[in-house]
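1. Structure of the sequence below:
(2 chains)
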2 protein chains.
Amino acid sequence: MKIQNSVDGAALDNMDKVHRTNLVNSLSGYKSVNLLGTMDAQRNTNLSLVSSAFHVGANPPLMGMLMRPHSVPRHSLENLLEQGWYTLNAVTKILFKQAHQTSARYPRDVSEFDATGLTAVFSPEVSAPYVEQSPIQIGLKLLETQTLKVNDTVLVIGEVKQIRLGEGILGVDGQLDLNLASAVAVSGLDEYHLPQALERLSYPKP
Amino acid sequence: MKIQNSVDGAALDNMDKVHRTNLVNSLSGYKSVNLLGTMDAQRNTNLSLVSSAFHVGANPPLMGMLMRPHSVPRHSLENLLEQGWYTLNAVTKILFKQAHQTSARYPRDVSEFDATGLTAVFSPEVSAPYVEQSPIQIGLKLLETQTLKVNDTVLVIGEVKQIRLGEGILGVDGQLDLNLASAVAVSGLDEYHLPQALERLSYPKP
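-> Numbers count the residues shown, from 1 in each chain, chains lettered A, B, ... in the order given. Model (predicted):
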């Protein structure tokens, strides 16, 4: 591979904010896109976009996400800390524009569900709203939060307590069909992509 | 959305291991795929597949990843803890089979570079091998590790100290062109996908 650009640490430090934000946000590669559903004690719902959800472990079934306390999703963070429950809902090809719009700075008394035309739906087992339009709806119970010393980001870890799936999404071996779900991925802050399967590989042996 | 399957916590607990692993690993959505390059004090190189790399912050430029101390990448973890440096290298459409193969349980004295036909390349600034064939090569200095109490997974946080990019990958506004790089994404443990751009959206306003 011929290297065209080599950016060192000093060049990164001196880069203007927009360039650095775009560059560093796209370094890790494609990111999953989920809508985080929460509510407060008065059952006012809140919805925010999360591109930081990740797998932590299968047994017990755990997921993590990173949240910045000083950015828009702070209402979500307050709600999930207070209520101890939240949902993650896969964003699809037909939902990504509405999902992106949930990141706008709405006043606290406006629910992003109403503002973006998405529908909150509830299950008796989970004290947080699901997104009715999403084919992969995950209900989580808050397990632990840690503030990362490096930049005061909050790592949120939850245990999966319910999974609700649209037609055909659950494969015979447990794998979800993300292509059939039309789930999207994001690069950087704002570029949405639709992945298509290349191949499923078998367990590698030396 | 008509819900076809609803899996609750007890059903997850009682699920056989293969089904649960496939299901829970595919819950978060598409994951990025990177090759983690490390070396030991004798400059023996090691390469392992990481689908857990994520953005932590842009200023300072930080990335995180989760590693299981008891699974294959422990050589990588030992190396990066000892040396304090590692690289992440984007996996592409032409590299994903070799990249997947690095997960095989090779003996300690076998470098996954040699075993899979990938080439280690070095930069004076970074004490870890890059993957020559990758169009996005990131050099990181270890900043912090934390063991998550919930399941003894190790959270590794590093600071980006060098970025090496193939021709045309760096956009005019700093965003990387992951489509041009032919970067892949993975769902579950073993299903590789090629994303294609849908649209780049502007900053949302209420």
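
2. contacts for the helix or strand of chain A with the lowest mean pLDDT?
-> Ranked by mean pLDDT, DSSP states H and E, the helix or strand of chain A with the weakest confidence is helix A:74-83, at a mean of 92. Residues from elsewhere that reach helix A:74-83 (CB atoms under 8 Å, 6 or more residues apart in numbering or on different chains): A:36, A:38-41, A:46-48, A:67, A:69, A:86, A:108, A:127-128, A:142, A:145, A:154, A:156. C-beta coordinates here come from the backbone N, C-alpha and C atoms, glycine included.

3. Now, those that are in strands?
-> Per DSSP state E, strands hold the following members of the contacts of helix A:74-83: A:36, A:38-39, A:46-48, A:67, A:86, A:127-128, A:142, A:145, A:154, A:156.

4. Buried only: go through the residues you listed for me.
-> A:36, A:38-39, A:46-48, A:67, A:86, A:127-128, A:142, A:154, A:156 (16 or more other CB atoms under 10 Å in any protein chain shown).

5. residue ranges for the strands of chain A, please.
-> Using DSSP E, the strands found in chain A span residues A:3-8, A:31-32, A:34-39, A:45-50, A:54-58, A:61-67, A:85-90, A:120-123, A:126-131, A:136-147, A:154-166, A:185-187, A:191-200.

6. Describe which strands the second one pairs with in its sheet and in which direction.
-> The reference is to strand A:31-32. strand A:185-187 (antiparallel) (DSSP bridges).

7. what comes into contact with the strand it pairs with?
-> A:26, A:29-33, A:51, A:192-195, B:29-30, B:175-176, B:178, B:185, B:195.

8. How about A:Leu27: what's its closest non-neighbour residue?
-> Among residues not flanking A:Leu27 along the chain, B:Ile138 sits closest, at 5.7 Å (CB to CB, 6 or more residues apart in numbering or on different chains).

9. In chain A, where is pLDDT below threshold?
-> A:70-73 (pLDDT under 70).

10. how does it look with 80?
-> A:69-74 (pLDDT under 80).

11. Tally up the residues packed near A:Ala197, please.
-> By the criterion of other CB atoms under 10 Å in any protein chain shown, A:Ala197 has 14 neighbours.

12. Is it correct that it is in contact with B:Asp190?
-> No: between A:Ala197 and B:Asp190 there is no contact under CB atoms under 8 Å: 11.2 Å.

13. buried residues in stretch A:192-206?
-> Buried, per 16+ other CB under 10 Å, within stretch A:192-206: A:Tyr192, A:His193, A:Leu194, A:Pro195, A:Leu198, A:Leu201, A:Pro204.

14. and the first one, bridged to which residues?
-> Note on A:Tyr192: beta-bridge partners A:Val186, B:Glu199, judged by DSSP bridges.

15. quick one: A:His19 and B:Leu176 touch, right?
-> No: assessed by CB under 8 Å, A:His19 is found out of contact with B:Leu176, at 11.5 Å.

16. Who has more neighbours out of those two?
-> Using other CB under 10 Å, the more surrounded residue of A:His19 and B:Leu176 is B:Leu176, with 27 against 18.

17. for the closest residue to the more buried one other than its chain neighbours, what are its contacts?
-> Setting aside the residues directly before and after it, B:Leu176 is nearest to A:Ser26 in space (CB to CB, 6+ apart), at 4.1 Å. Applying CB under 8 Å, 6+ apart to A:Ser26 gives the contacts A:Ser187, A:Gly188, B:Gln175, B:Leu176, B:Leu178.

18. do A:Thr147 as well
-> If you count contacts by CB under 8 Å, 6+ apart, then A:Thr147 has A:Thr153, A:Val154, A:Leu155 around it.

19. and A:Met63, how many neighbours?
-> By other CB under 10 Å, 22 other residues sit near A:Met63.

20. Please name the bridge partners of it.
-> Counting by DSSP bridges, the residues bridging with A:Met63 are A:His55, A:Gly158.

21. show me the contacts for it.
-> Residues counted as contacts of A:Met63 (CB under 8 Å, 6+ apart) are A:Ala53, A:Phe54, A:His55, A:Val56, A:Leu88, A:Ile138, A:Leu140, A:Ile157, A:Gly158, A:Val160, B:Leu27, B:Ser28.

22. switch the cut-off to 7 Å
-> Applying CB atoms under 7 Å, 6 or more residues apart in numbering or on different chains to A:Met63 gives the contacts A:Ala53, A:Phe54, A:His55, A:Val56, A:Leu88, A:Leu140, A:Gly158, A:Val160, B:Leu27, B:Ser28.

23. same deal with A:Ser6?
-> A:Ser6 is in contact with B:Gln162, B:Arg164, counting by CB under 7 Å, 6+ apart.

24. can you put the buried residues of stretch A:192-206 in a markdown table and add distance to A:Ala120?
-> Converted to a markdown table, the buried residues of stretch A:192-206 look like this (distance: CB to CB, whole Å):
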| residue | distance to A:Ala120 |
| --- | --- |
| A:Tyr192 | 23 |
| A:His193 | 27 |
| A:Leu194 | 26 |
| A:Pro195 | 28 |
| A:Leu198 | 36 |
| A:Leu201 | 39 |
| A:Pro204 | 43 |
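
25. coming back round to it: now for the residue nearest to A:Leu27: which residues touch it?
-> Contacts of B:Ile138 by CB under 7 Å, 6+ apart are A:Leu27, B:Thr87, B:Leu88, B:Val160, B:Ile163.

26. same thing with A:Gln175?
-> Shown in contact with A:Gln175 (CB under 7 Å, 6+ apart): B:Asn22, B:Ser26, B:Gly188, B:Glu191.

27. Can you pull the phi and psi angles for the nearest residue in space to the first one that is not next to it in sequence?
-> Going back to what we said before, that points to B:Asn22. In this structure, B:Asn22 finds its nearest non-sequential neighbour in A:Gly174, 3.6 Å apart by CB to CB, 6+ apart. Phi and psi for A:Gly174, reported as degrees, to the nearest 10, are phi 100, psi -20.
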